[in-house]
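# sequence? don't have it. structure:
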């Protein structure tokens, strides 16, 4: 007998919420790091383009942070889109009925703190709306 993977709608909704929030958070952090990087370049960039070791380290660190946040945002966006696709499939299976649930979600800052959020998943012509 063939076994099928067990899907949990709660975990899909949770991933949708958490990865959407992480994508936004890391996108903001990337923009902040990019602003800091550009600020440091402007602040330290003289006509001679000669940096001290400390200045070069600050610029390099800021640049690496910018890249890391960009990657985190990209990964979170990909996971969010996967969850959205799964929710669309669920909507088709349920003939676009709404789902109401209390979903435990983690803090977007990466803390272990968990809270419960009242969520309504609504389907509208193939689109997913999570409130």
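That came in fine, so what should we check first? What you see is a predicted model, and the numbers here were worked out from it, not measured in a lab.
# Residue 118 belongs to a strand?
Yes: counting by DSSP: H, G, I helix; E, B strand; the rest coil, residue 118 is found in a strand.
# wait, it sits on residue 105?
No: between residue 118 and residue 105 there is no contact, the gap being 10.9 Å when judged by CB atoms under 8 Å. From N, CA and C alone the C-beta is placed, and that goes for glycine too.
# Adjacent strands (with direction) for the helix or strand harbouring residue 128?
Assigned by DSSP states H and E, residue 128 falls within strand 127-130. Strand pairing for strand 127-130, determined by DSSP bridges: strand 114-124 (antiparallel).
# quick one: buried residues of the strand it pairs with?
119, 121, 123 (16 or more other CB atoms under 10 Å).
# which helices and strands sit right next to the lengthiest helix in the chain?
Counting residues, the longest helix found in the chain (DSSP state H) is helix 53-93. Judged by 3 or more CB pairs under 8 Å, 6 or more residues apart in numbering; DSSP states H and E, helix 53-93 is in contact with helix 9-44, strand 114-124, strand 127-130.
# and the angle for the longest one with helix 53-93?
Taking axes from the mean of the first three to the mean of the last three CA atoms, to 10 degrees, one finds helix 9-44 and helix 53-93 inclined to each other by 150 degrees.
# Which positions in helix 9-44 come out as buried?
Neighbour-count burial for helix 9-44, counted by 16+ other CB under 10 Å, picks out 9, 12-23, 25-27, 29-30, 33-34, 36-37, 40, 44.
# No further queries at this time; thank you.
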